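Undergrad: need coordinates for the below:
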Amino acid sequence: MTVGQILDRAVKQWPEQTAIVFRGQKMTYAELGARSDALAWSLRQLGLNQGDRVAILQVNSPEFSNTYWACAKAGLVVVPINVLFKEEEAYHILSDSGARAIIANDLFTPLIATLLPRLPGLEYVVILGEPKLPKALDYARLIAQGMAGAAGPGALACKDQVQPSDLMSVLYTSGTTGKPKGAMLTHRNISFDAQACSKALPVTHDDVWLAALPMFHSYAETVLIVLPAVMGASVVMQERFIPDNTMRLIEEYQVTTFPGVPAMYATFLQVPPENRSSLASLKWCVSGGAPMPLEVMRAFEQEFDLLVLEGDGPTECSPVTSINPWDAERKPGSVGLPLPGMEIKIFDEKDRELPPEEIGEIVVQGDNVMKGYWNRPQETAEALRSGWLHTGDLGKKDADGYVYIVDRKKDMVLVGGLNVYPREIEDVLYSHPKVLQAAVVGVPDKLRGEAVKAFIVLKPGQTCSAKEIRTFCRERLAVFKVPRHVEFRDELPMSNTGKVLKRELRG
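TA: Next up is the predicted model:
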């Protein structure tokens, strides 16, 4: 099945069901279907051809979702751009992907104006709002033109030309070193992953989802654009995550399903009780995008009387690969069991499967695994060797098949020849009553090769010394794992999805 067919099926089955709620306004599946058809028609009329890359630089909105669906139907390849990116970061993605068009909010006009002279291949600029750039196209006008054009006989024949094996998106992964590389995801990859999620979670047509995750991220695109359409559910959209506003939306619209990242759950705990709204309507809280510190999970669940189902998956896997089951044993600290139709193993350095409880690299096989990296055949061959996607995550499986992430392979610290996994130390630091956030990296050490360094953000009003932190760790960890260096900071560098940018801390 293609991604566009998922929306077409939802339109046919649930035309009057609310698809999107945004700023108090509702859009039905019938309306979303008509608008995405209109934009698909207009984009093809401009001269964009099947397989052309279309960049999306937009904040969370119905227009983001509509642009995504329109590209799916027109056979165009979506290239999302992080809205926080500066000129060089955006330039890399636009130039590397060879994007022919960009569809952006008008607030990004200054950025696009600086980029255009450097990107002769970027032929079409579509602006949501006021198009102040010369030759920029008006998004609203394209929709209006398409409403008439797409209704004509055979107007959207391009839909029939799109195949499940065709590219749907090129998603640039942040990576731990070097420039981001584009993971090529096909229609089959994304539709398979979304449908697998629908089987692993007890979500139905009647559920209401909240989209506070940034929609340019693979987690949000699959779980908050495609997955709700699989069962015709409703999505309440928030431009950006603001914890007390998010809580208000949950209560106002009786949201039942909240997919978030660990940082969001940690931030909920910081909202003063007098500013909180009720979360009683929530049935399912899902965490992914980064490892969930056990102390954060326990504190959130105790404070709000809710269970968090932790899952995992890299962008290269569309991206969800595993989640803790809702109808069987949930194991805090694990990322659960593989989704239906997917297989996860633990390999050693020679790609041999390891037995339960032994640590190695997490590898994945299934129809959700990417086609490869855009224009990077050598890195593709390395990542997909032996017929398995090598995730770069170190982990283990227990006797029941539950997957545990120990750390990123490249984040592991080698202290005097001994493996140290930063996440283990971070979990201990998060259990300290004064610690709000913690990140651990390896730094050069003449005697041991590497030494452990901890970066810590304290809770408001707290004071603490490096000695106190080391003493706390020494009581809970082997001596070689105790941080030799401790640095206190006001904040840690974070990605939009709540991952600490450790390469910046190492720098």
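Undergrad: burial of the nearest residue to Ala211 once chain neighbours are set aside, as a residue count?
TA: The shortest distance from Ala211 to any non-neighbouring residue, by Cβ to Cβ, 6 or more residues apart in numbering, is to Leu224 (4.2 Å). Yep, even glycine has a C-beta here, placed from its N, CA and C like the rest. The burial metric for Leu224, expressed as a neighbour count using other Cβ atoms under 10 Å, is 24.
Undergrad: just the pLDDT for the nearest residue to Leu307 once chain neighbours are set aside.
TA: Spatially, and ignoring its direct neighbours in sequence, Leu307 is nearest to Glu301 (6.1 Å; Cβ to Cβ, 6+ apart). Glu301 carries a pLDDT score of 97 in this model.
Undergrad: likewise Asn82?
TA: pLDDT, Asn82: 89.
Undergrad: can you give me the neighbour number for it?
TA: Counted with other Cβ under 10 Å, residues neighbouring Asn82 total 19.
Undergrad: and the residue nearest to it when sequence neighbours are not counted, how many neighbours does it have?
TA: Computed as Cβ to Cβ, 6+ apart, the closest residue to Asn82 that is not its neighbour in sequence is Phe216, at 5.7 Å. Using other Cβ under 10 Å, Phe216 has 25 other residues around it.
Undergrad: who touches Phe216 in this structure?
TA: 56, 58, 64, 80-83, 496 (Cβ atoms under 8 Å, 6 or more residues apart in numbering).
Undergrad: let's see that with 7 Å instead.
TA: Phe216 sits next to 56, 80-83 when contact means Cβ atoms under 7 Å, 6 or more residues apart in numbering.
Undergrad: TSV for these, including secondary structure and distance to Gly449?
TA: As requested, the contacts of Phe216 are arranged in TSV below (DSSP: H, G, I helix; E, B strand; the rest coil; distance: Cβ to Cβ, whole Å):
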residue	secondary structure	distance to Gly449
Ile56	strand	44
Pro80	strand	39
Ile81	coil	38
Asn82	coil	34
Val83	coil	39
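Undergrad: just flag the most distant two among those.
TA: Based on Cβ to Cβ, the longest span within those runs between Ile56 and Asn82 and measures 10.7 Å.
Undergrad: how close does Phe300 sit to Ser322?
TA: When Cβ to Cβ, to the nearest Å is applied, the distance between Phe300 and Ser322 equals 20 Å.
Undergrad: between these two, point out the one with more neighbours.
TA: Using other Cβ under 10 Å, the more surrounded residue of Phe300 and Ser322 is Ser322, with 26 against 23.
Undergrad: quick check: phi and psi at that one.
TA: Main-chain torsions, Ser322, degrees, to the nearest 10: phi -150, psi 160.
Undergrad: and it, bridged to which residues?
TA: The residues paired with Ser322 through beta bridges, assigned by DSSP bridges, are Asp312, Pro338.
Undergrad: dump the residue contacts of it.
TA: Applying Cβ under 7 Å, 6+ apart to Ser322 gives the contacts 311-313, 335-339, 344, 403.
Undergrad: residues in contact with Arg489?
TA: The contact partners of Arg489, by Cβ under 7 Å, 6+ apart, come to 455, 457.
Undergrad: so can I have a markdown table of the contacts of Ser322 showing neighbour count, pLDDT and distance to Lys459?
TA: Compiled in a markdown table, the contacts of Ser322 are given as follows (neighbours: other Cβ atoms under 10 Å; pLDDT from 0 to 100; distance: Cβ to Cβ, whole Å):
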| residue | neighbour count | pLDDT | distance to Lys459 |
| --- | --- | --- | --- |
| Gly311 | 28 | 96 | 28 |
| Asp312 | 28 | 93 | 27 |
| Gly313 | 28 | 94 | 31 |
| Val335 | 28 | 96 | 27 |
| Gly336 | 24 | 98 | 30 |
| Leu337 | 23 | 98 | 34 |
| Pro338 | 23 | 98 | 37 |
| Leu339 | 27 | 98 | 36 |
| Ile344 | 25 | 98 | 36 |
| Val403 | 26 | 98 | 31 |
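Undergrad: which of the residues you listed sits closest to Gly154?
TA: Comparing the contacts of Ser322 against Gly154 with Cβ to Cβ picks out Leu339 as the nearest, at 38.0 Å.
Undergrad: that closest one contacts Pro319, doesn't it?
TA: No - the criterion here is Cβ atoms under 7 Å, and Leu339 misses it with Pro319 at 11.1 Å.
Undergrad: could you look up the SS state of Val21?
TA: strand (DSSP: H, G, I helix; E, B strand; the rest coil).
Undergrad: what count of nearby residues applies to it?
TA: Applying other Cβ under 10 Å, we find 22 residues neighbouring Val21.
Undergrad: okay, now the nearest residue to it once chain neighbours are set aside: neighbour count?
TA: Counting by Cβ to Cβ, 6+ apart, the nearest residue to Val21 once its immediate chain neighbours are dropped is Val236, at 4.5 Å. Other residues within reach of Val236 by the criterion other Cβ under 10 Å amount to 22.
Undergrad: Provide a list of residues in contact with Gln50.
TA: Gln50 makes contact with 75, 158, 161, according to Cβ under 7 Å, 6+ apart.
Undergrad: neighbour-wise, which of the residues you listed leads?
TA: Most neighbours among the contacts of Gln50, by other Cβ under 10 Å: Gly75, with 26 neighbours.
Undergrad: can you tell me the SS state at the residue nearest to that one when sequence neighbours are not counted?
TA: Leaving aside its sequence neighbours, Gly75 sits nearest to Gln50 (Cβ to Cβ, 6+ apart; 3.6 Å). When the structure is reduced to helix, strand and coil (three-state DSSP), Gln50 reads as coil.
Undergrad: distance of Gln50 relative to Cys71?
TA: In this structure, Gln50 and Cys71 are 11 Å apart, going by Cβ to Cβ.
Undergrad: and for Tyr253?
TA: Counting by Cβ to Cβ, the gap between Tyr253 and Cys71 amounts to 28 Å.
Undergrad: who has more neighbours, the two?
TA: Looking at Tyr253 and Cys71 with other Cβ under 10 Å, you find the greater number of neighbours at Cys71, namely 28 against 18.
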